[in-house]
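Novice: Kindly return the folded structure for what I paste below:
(one chain, ligands or ions: 2)
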Amino acid sequence: MKPLVFDIARASGVDGPGIRTVVFLKGCPLRCQWCQNPESQVPAAENLFYAENCIKCGCCDQGCYSLARQTAGQYYPPTELARLILRDKIVYQVSSGGVTFSGGEPLMFIDYLYETAQILKQENIHIAVETCGYFDFELFERTLLPLIDLFLFDIKLMDPIRHEIVTGKSNHLIIQNFKKLCASGVKIIPRVPLIPGYTASRENLSQIAAFFVEQGVADCAFLPYNPSGISKWERLGKQPPANLSSVPMALEDEQKWIALFYRERETKKSNLLHI
Ligand code: SF4
Ligand code: SF4
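Specialist: Ligands and ions are numbered 1, 2, ... in the order given. The predicted model follows:
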């Protein structure tokens, strides 16, 4: 199946250093119940319905000109995708930015990214990848790895059974890949989603802190829960998973969990020094 892009966000300031273009690829091996972009999960193109844009003109069979009906998923050949990314080359240069491949899981499409990244590297573009960590490391190492400057690597849950229950897959491959990437010496910023009732618990954050200390990870980022996925499930005509909160994580809760994580990390570090 050809890799499809479901969004290209220009001038992003949050998915890596500087100002970036973020390319969202469609397809993910995981099915996180809290997913903010459910339209990213299935690799095939899908239709979304934006009821607020519908003017009830009754012309659906001729195409929708008011953007009420939109299709997520468009194929761009690597040369065309690289051309679109390079439109903002000057912005990347002045802001020390670049491109970030996101998803879904962009490393489902290693060959496609490799072809695109080869073109971008000829122009000295900084390339970041956001990954859930579930990918074929051997293929990736043989091809794409030397072209990537930064990984934003999500670690969600350390308990493999719980991970499988709430994301559809065990975390075994993810943990192995994280260790291999750390050993490769490439720059990684691990990210921890803070999802009430799922990942935001003392036990899980303590286990992640211990894992990061063990792997020599200097720092990480946190992704507080955002309920924007709920409306996207509805736009796809599907039922959102039950138990999802309809409000974003409050700032004080986010700060509480982050403080707990750092306390746990300091404890793990000092335990390590006393072994
Ligand atoms: S064409 Fe678009 S705006 Fe018109 S009725 Fe259909 S969905 Fe609504
Ligand atoms: S890994 Fe990311 S894109 Fe994939 S299902 Fe989970 S939250 Fe959604």
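Novice: which residues of the stretch 151-275 of the chain fall in strands?
Specialist: Assigned by DSSP state E, counting those that start in this stretch, the strands in the stretch 151-275 of the chain fall at 188-194, 221-224.
Novice: Buried ones in the shortest one, by neighbour count?
Specialist: This points to strand 221-224. F222, L223, P224 (16 or more other C-beta atoms under 10 Å). (Glycine included, C-beta is placed from N, CA and C.)
Novice: again with stretch 246-254
Specialist: M249, E254.
Novice: Rounded mean pLDDT for it, please.
Specialist: In this model, stretch 246-254 has a mean pLDDT of 95.
Novice: dump the residue contacts of M158.
Specialist: N171, I175, N204, Q207, I208, F211 (C-beta atoms under 8 Å, 6 or more residues apart in numbering).
Novice: and D149, how many neighbours does it have?
Specialist: The local packing of D149 (other C-beta atoms under 10 Å) involves 16 other residues.
Novice: Return the residues in contact with it.
Specialist: G98, H126, I127, A128, K187.
Novice: returning to that earlier point: closest to ligand 2 out of the strands of the stretch 151-275 of the chain?
Specialist: strand 188-194 (7.5 Å; C-beta to the nearest ligand atom).
Novice: Show me the contact partners of the closest one.
Specialist: So strand 188-194 is contacted by 34, 150-156, 178, 181-182, 199-200, 205, 208, 212, 217, 219-225, 249, 253-254, 257-258, 261 (C-beta under 8 Å, 6+ apart).
Novice: The top strand by length along the chain close to ligand 2?
Specialist: Across the chain, the longest stretch assigned as strand under DSSP state E is strand 4-12. No - applying C-beta under 6 Å from any ligand atom, one finds strand 4-12 out of contact with ligand 2, separated by at least 10.7 Å.
Novice: What are the buried residues along that strand?
Specialist: L4, V5, F6, D7, I8, S12.
Novice: which residue packs closest to Y50, ignoring adjacent ones?
Specialist: The shortest distance from Y50 to any non-neighbouring residue, by C-beta to C-beta, 6 or more residues apart in numbering, is to A68 (5.2 Å).
Novice: any idea how far the closest residue to F261 other than its chain neighbours is from W257?
Specialist: Closest residue to F261 apart from its sequence neighbours, by C-beta to C-beta, 6+ apart: L205 at 4.6 Å. Look at L205 and W257: by C-beta to C-beta, to the nearest Å, they are 6 Å apart.
Novice: Quickly note the distance from the residue in the stretch 51-200 of the chain positioned nearest to ligand 2 to T100.
Specialist: The stretch 51-200 of the chain approaches ligand 2 most closely through C132 (3.6 Å), counting by C-beta to the nearest ligand atom. From C132 across to T100, the span is 14 Å (C-beta to C-beta).
Novice: contacts for the next helix or strand after the longest strand of the chain?
Specialist: As assigned by DSSP states H and E, the chain's next helix or strand after strand 4-12 is strand 20-26. Contacts with strand 20-26, where a contact means C-beta under 8 Å, 6+ apart, come from 3-13, 15, 37, 39-40, 42-45, 72-73, 81, 84-85, 88, 92, 97-106, 108-109, 128.
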